[in-house]
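[1] Okay, sequence plus prediction incoming.
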Amino acid sequence: MSNSSIDEIQELIQKVSGELGDMSQAASHHIDELHMAVNNVASHVLAMEAILSLVVQKIDIEEAEVLQWIRDKTAAFAEDSSEGSAAEGIAQSLLGKES
C-alpha cells in the first residue's frame, strides 16, 4: 500500500471521526432541549395541580363524576378497563381521596 493511500485513509478516518463528533454534539444538544421542555411541562402541570387542589377545597366535586369523565375520555386507549388509570389515581389525590 502506498503512502498516498495510507494518507487518504487517515484523512477519511479523521473526517469520519469529526463527523461523528459533530453528530454526538448535536444529539447532546437535542437531549438538553428535550430535558428543558419536559421540565417546563412538569412545572406547568405542578402549578395547575396546586391551583386545582385549592379550588377543590372550596367547592364540592363528585369523585365518581371525575373518574367517569376520565374513563370516557380514555376508553379508546385503555388496555384493561377494570384497572384504575394513573389519571384516576392523580384525580383522587387532587380530590384528597386517595384509595
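    Arrived safely.

[2] So for L52, what's the nearest residue that isn't a sequence neighbour?
    Computed as CB to CB, 6 or more residues apart in numbering, the closest residue to L52 that is not its neighbour in sequence is L94, at 5.6 Å. No exception for glycine: its C-beta is placed from N, CA and C like everyone else's.

[3] Quick one: residues contacting that neighbour.
    E49, L52, S53, V56 (CB atoms under 8 Å, 6 or more residues apart in numbering).

[4] Relative to H44, how far out is it?
    Computed as CB to CB, to the nearest Å, the L94 to H44 distance reads 15 Å.

[5] and what of A76?
    25 Å.

[6] Show me where the protein dips below the pLDDT cut-off.
    Applying pLDDT under 70 to the chain flags the ranges 78-83, 98-99.

[7] if we go to 90?
    Along the chain, segments meeting pLDDT under 90 span 1-7, 53, 56-57, 60, 72-87, 89-99.

[8] Show me the longest helix that occurs in it.
    Across the chain, the longest stretch assigned as helix under DSSP state H is helix 3-58.

[9] which element follows that one toward the C-terminus?
    helix 63-74 (DSSP states H and E).

[10] If I take that following helix and helix 3-58, what angle do their directions form?
    Between helix 63-74 and helix 3-58, the angle comes out at 150 degrees (axes from the mean of the first three to the mean of the last three CA atoms, to 10 degrees).
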